[in-house]
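Visitor: this is a predicted model, with the sequence first.
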Protein chains: 2
Amino acid sequence: MPKRLSGDGNPQTGSARMRDVAARAGVSTMTVSRALNEPGKVSEEMRERVLRAVREIGYLPNHLAGSLSSNRSTTIGLIVPSIDNSIYTQTVKGLSEVLKRSGFQLMIAESGYDPNEEEELITIFLSQRVSGLVLHSTEHTPQAAEKIRKSGIPVVENGNIPEEPLDMVVSFSNREASYAMTMHLGRLGYRKIAFASLYSVHNDRSQDRLQGYHAALNQLGLDPDPRIVLETERGLAAGAEVMARVVQSVPEVDALFCAGDVLAVGALFECQKRGWPVPGRIALASFDDVDLLRHVSPSVSTLRLPRYDIGERTARILLSRIIDGAEHLRGSVIDLKFELIQREST
Amino acid sequence: MPKRLSGDGNPQTGSARMRDVAARAGVSTMTVSRALNEPGKVSEEMRERVLRAVREIGYLPNHLAGSLSSNRSTTIGLIVPSIDNSIYTQTVKGLSEVLKRSGFQLMIAESGYDPNEEEELITIFLSQRVSGLVLHSTEHTPQAAEKIRKSGIPVVENGNIPEEPLDMVVSFSNREASYAMTMHLGRLGYRKIAFASLYSVHNDRSQDRLQGYHAALNQLGLDPDPRIVLETERGLAAGAEVMARVVQSVPEVDALFCAGDVLAVGALFECQKRGWPVPGRIALASFDDVDLLRHVSPSVSTLRLPRYDIGERTARILLSRIIDGAEHLRGSVIDLKFELIQREST
DNA sequence: AATTTTGTTGTTACCGCTACCAAAACCGAG
DNA sequence: CTCGGTTTTGGTAGCGGTAACAACAAAATT
């Protein structure tokens, strides 16, 4: 007795299989398969006959079976540190829109800024036989790197431009962006530039931003001062706290560069609350061009980062590798440029 | 001749299959399968022998094959109107965290507020044999509903509480939330309460919010005035524009309820820019408790919506259905309550 | 000691589809 | 009308696993 008795005429029960369609259309399953996946390889008449049968039966292809058999999948795995971080969403959108057009699906998981967690997720994704991988972080365990290498699937890193990429990279340089903004502040005449970023453990983006800041200070001939370099957590409250702390502990500070999520907005609110004129008492610069920064008063100088483009280009290059087998793209590093936006706060 | 010649000792080439592990451990594939998936059903000795072989070969199970064979998958499909909308991210996080714990994966796609697009995505997800579906929208094409019903997989809607759910619902009531805030404004003594929401075509959340507003006006004995009911797009600029427009066209307005994304913040900035005291000249209320609203000055009254909880509960109830086969949960409607937060702006 | 129960491992037949190759149908040229 | 070449279609053997059941040994029962 068969495991399951399909083939009963009842369209309610279970889902039809390709052989049911084939039977109905009076052709072989191969013809059905071709009519659906390579319509060009089938005569017009057959195609219509098959499609009609598909419609009549309400057949839904089993993509799992197809992938297994053809050893191809249309799934891309994406690992971000944290889903609720608004800065990723633009990238995800760019990715998603391009992938969708080619019939690819996105699987998303969050690593919580932990390389071990990331490794585990990579393992799961490989096990799901994703055909490509997108990693926001550029810090990985050696085992993760090895697994990826061994799997042979294309990977894009896109949170930063690492020294030793796993494979392809689509990003801007956090270091350069940070350098550029710090130089900008220096050129505007600010001499005591404080720097606030997110915690840099397991976060090479933060580390690179700090490096860029220091490189610029050096270039500007300014002495670094550890008292005005702060690491904090994400969020408005953290930004406010940083502003208050730095101004009170080192009064000669004349600028604060917030190189992390919405810290600048929190910092600005704190100034407003305390009555510190911006940029009169202290100038303020931010790292990411969230909509908000343009609308607050004073509007905040910042860096416009190509978040959406990163997603788009990532998807494109990944698809080239997967669909066209463009092996010459292996190891490509695409450095998308950022833009410095001078506003009222500096 | 076999399609592929695995079994060569080279660990670089391709990926090992279960039979390779079996051969290495000197057992059958079933034992390997059991050792990995139902460790309890295998003797300790065997388990270790198998796990060692797995490690030595660097075997990675093929989840696709497993799903096909067992007719079970560990993938949940999620369709949101737009990924870059910050209000969904909390829900996604809740979902993701619970699912991950049970070894389930999340596939995310965006429908762009279009039911036809949604239907297409549903078809794709069903074709991928997801074992559950989460839909933010509660407006679907009849075909989409039919396909879902036919597939038999559990579904959760969670953007609103619809009149006729597809299956399960985990949400708060947009109508009640909107009603509550409008009543709140009325009780505080505001008599000419303007209402701004997002476009309501294909957006039953917006429609319900509008209804709640009208119901409250009615209850308060206030006459509705179409001049002060506005629909606009998302964003700070839109909020600013609404505020300017409504105050200038109908000066007797004494409150504005922004029932949509960050509109309130834009509206508040506009007041600050124009020098209109809030709530002195006009009171301001918002719909969603984004962090920002607590930190601006004046802080903005709003509704705290259980975004994260929705994700969490959604995942839980879905897993109950999938793993435990809890059929009694079919059709459950979970109404998670919101909270009204009175702040300085009203 | 014979019989039943329990626990562990193996055998076989698929899951639903596609790659590969063979067969058939078509088609204009000689 | 036949022939080689070019579509178009079909048969078959997997893809890499798991369900279901069979087989066997050890433990428990009578």
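Guide: Yep, that arrived. As the structure is a computational prediction, the values presented were derived from the model and not from experiment. Residues are numbered from 1 along each chain as shown, chains lettered A, B, ... in the order given.
Visitor: from what I can see A:Ser131 touches A:Ile76, true?
Guide: Yes - contact status for A:Ser131 versus A:Ile76: in contact at 6.7 Å, counting by C-beta atoms under 8 Å. Backbone N, C-alpha and C define where each C-beta goes, glycine included.
Visitor: give me the more crowded residue out of the two.
Guide: A:Ile76 (27 against 20; other C-beta atoms under 10 Å in any protein chain shown).
Visitor: tell me which element the more buried one falls in.
Guide: Element membership for A:Ile76 (DSSP states H and E) is strand A:75-80.
Visitor: which is the next helix or strand following the helix or strand containing A:Val170?
Guide: Using DSSP H and E, A:Val170 sits in strand A:168-171. Heading C-terminal from strand A:168-171, the first helix or strand you meet, by DSSP H and E, is helix A:174-187.
Visitor: export that next one as CSV, just CAs?
Guide: The C-alpha trace of helix A:174-187 is given here as CSV (Å, rounded to 0.1, in the frame of the first residue of the first chain):
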residue,chain,number,x,y,z
ASN,A,174,33.6,53.1,8.2
ARG,A,175,37.1,54.2,8.7
GLU,A,176,37.1,56.6,5.9
ALA,A,177,33.7,57.9,6.7
SER,A,178,34.7,58.6,10.2
TYR,A,179,38.0,60.1,9.1
ALA,A,180,36.1,62.4,6.7
MET,A,181,33.7,63.7,9.3
THR,A,182,36.5,64.3,11.8
MET,A,183,38.6,66.1,9.3
HIS,A,184,35.6,68.2,8.4
LEU,A,185,35.1,69.3,12.0
GLY,A,186,38.8,70.1,12.2
ARG,A,187,38.7,72.2,9.1
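Visitor: buried ones in the helix-or-strand element of chain A with minimal mean pLDDT?
Guide: Within chain A, no helix or strand scores below helix A:291-295, which has a mean of 90 by mean pLDDT, DSSP states H and E. Buried residues in helix A:291-295, counted by 16 or more other C-beta atoms under 10 Å in any protein chain shown: A:Leu292, A:Leu293, A:His295.
Visitor: for that helix, which outside residues touch it?
Guide: With C-beta atoms under 8 Å, 6 or more residues apart in numbering or on different chains as the contact definition, helix A:291-295 has outside contacts at A:262, A:264-265, A:286, A:299-300, A:302, A:343, B:235-237, B:240, B:265-266, B:269, B:292.
Visitor: what packs against the following helix or strand past that helix?
Guide: Remark: after helix A:291-295, the chain's next helix or strand is strand A:302-304, criterion DSSP H and E. Judged by 3 or more C-beta pairs under 8 Å, 6 or more residues apart in numbering or on different chains; DSSP states H and E, strand A:302-304 is in contact with helix A:174-187, strand A:283-286, strand A:339-341.
Visitor: okay, now the sheet partners of strand A:302-304, with direction.
Guide: Here strand A:302-304 has these sheet partners by DSSP bridges: strand A:339-341 (antiparallel).
Visitor: just give me the neighbour total for A:Glu45.
Guide: Quick note: A:Glu45 (other C-beta under 10 Å) scores 8 neighbours.
Visitor: and whichever strand or helix holds it, what does it pack onto?
Guide: A:Glu45 belongs to helix A:44-57 when assigned by DSSP H and E. For helix A:44-57, the elements it packs on are helix A:18-25, helix A:29-37, judged by 3+ C-beta pairs under 8 Å, 6+ apart.
Visitor: CA atoms only for the last one, dumped as CSV, please.
Guide: When you say that, I think you mean helix A:29-37. Listed next in CSV are the C-alpha coordinates belonging to helix A:29-37 (Å, rounded to 0.1, in the frame of the first residue of the first chain):
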residue,chain,number,x,y,z
THR,A,29,6.2,14.6,-15.9
MET,A,30,9.3,15.8,-17.7
THR,A,31,7.1,17.7,-20.1
VAL,A,32,5.2,19.3,-17.2
SER,A,33,8.5,20.2,-15.6
ARG,A,34,9.7,21.7,-18.8
ALA,A,35,6.5,23.6,-19.5
LEU,A,36,6.8,25.2,-16.1
ASN,A,37,10.5,25.8,-15.8
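Visitor: quick check: angle from it to helix A:44-57?
Guide: 90 degrees (axes from the mean of the first three to the mean of the last three C-alpha atoms, to 10 degrees).
Visitor: tell me if helix A:29-37 is near DNA strand D.
Guide: Yes - interface with DNA strand D: helix A:29-37 contributes A:Thr29, A:Met30, A:Thr31, A:Arg34 (C-beta under 7 Å from any atom of the strand).
Visitor: compare those and tell me which is most surrounded.
Guide: Result: A:Thr31 is most packed of the residues of helix A:29-37 next to DNA strand D (other C-beta under 10 Å), 20 neighbours.
Visitor: pretty sure it is touching A:Ala22, no?
Guide: Yes - contact criterion C-beta under 8 Å: A:Thr31 and A:Ala22 qualify, at 7.0 Å.
Visitor: and A:Gly26, how far is that from B:Asn85?
Guide: Taking C-beta to C-beta, to the nearest Å as the measure, A:Gly26 falls 49 Å from B:Asn85.
Visitor: got it, and A:Ala244?
Guide: 32 Å.
Visitor: which ones are touching A:Leu340?
Guide: Contacts of A:Leu340 by C-beta under 8 Å, 6+ apart are A:Ala180, A:Met181, A:His184, A:Ser301, A:Thr302, A:Leu303, A:Arg304.
Visitor: from those, which two are the most distant?
Guide: A:His184 and A:Arg304 (13.2 Å; C-beta to C-beta).
Visitor: follow-up on the earlier one: mean confidence (pLDDT) on the strand holding A:Val170, please.
Guide: Across strand A:168-171, pLDDT averages out at 98.
Visitor: over to stretch A:116-134?
Guide: Mean predicted confidence for stretch A:116-134 is 97.
Visitor: would you mind writing the CA trace of it as PDB?
Guide: C-alpha atoms of stretch A:116-134 as PDB (Å, rounded to 0.1, in the frame of the first residue of the first chain):
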ATOM      1  CA  ASN A 116      29.500  32.100  17.800                       C
ATOM      2  CA  GLU A 117      25.900  32.700  17.300                       C
ATOM      3  CA  GLU A 118      26.700  33.800  13.700                       C
ATOM      4  CA  GLU A 119      28.600  30.600  13.100                       C
ATOM      5  CA  GLU A 120      25.600  28.600  14.300                       C
ATOM      6  CA  LEU A 121      23.300  30.500  12.000                       C
ATOM      7  CA  ILE A 122      25.700  30.000   9.100                       C
ATOM      8  CA  THR A 123      25.700  26.300   9.700                       C
ATOM      9  CA  ILE A 124      21.900  26.300   9.700                       C
ATOM     10  CA  PHE A 125      21.700  28.300   6.500                       C
ATOM     11  CA  LEU A 126      24.200  26.000   4.800                       C
ATOM     12  CA  SER A 127      22.200  23.100   5.900                       C
ATOM     13  CA  GLN A 128      19.200  24.700   4.400                       C
ATOM     14  CA  ARG A 129      21.300  24.900   1.200                       C
ATOM     15  CA  VAL A 130      21.000  28.600   0.700                       C
ATOM     16  CA  SER A 131      22.600  29.500  -2.600                       C
ATOM     17  CA  GLY A 132      24.200  32.600  -1.200                       C
ATOM     18  CA  LEU A 133      25.000  34.300   2.100                       C
ATOM     19  CA  VAL A 134      25.000  37.900   3.200                       C
END
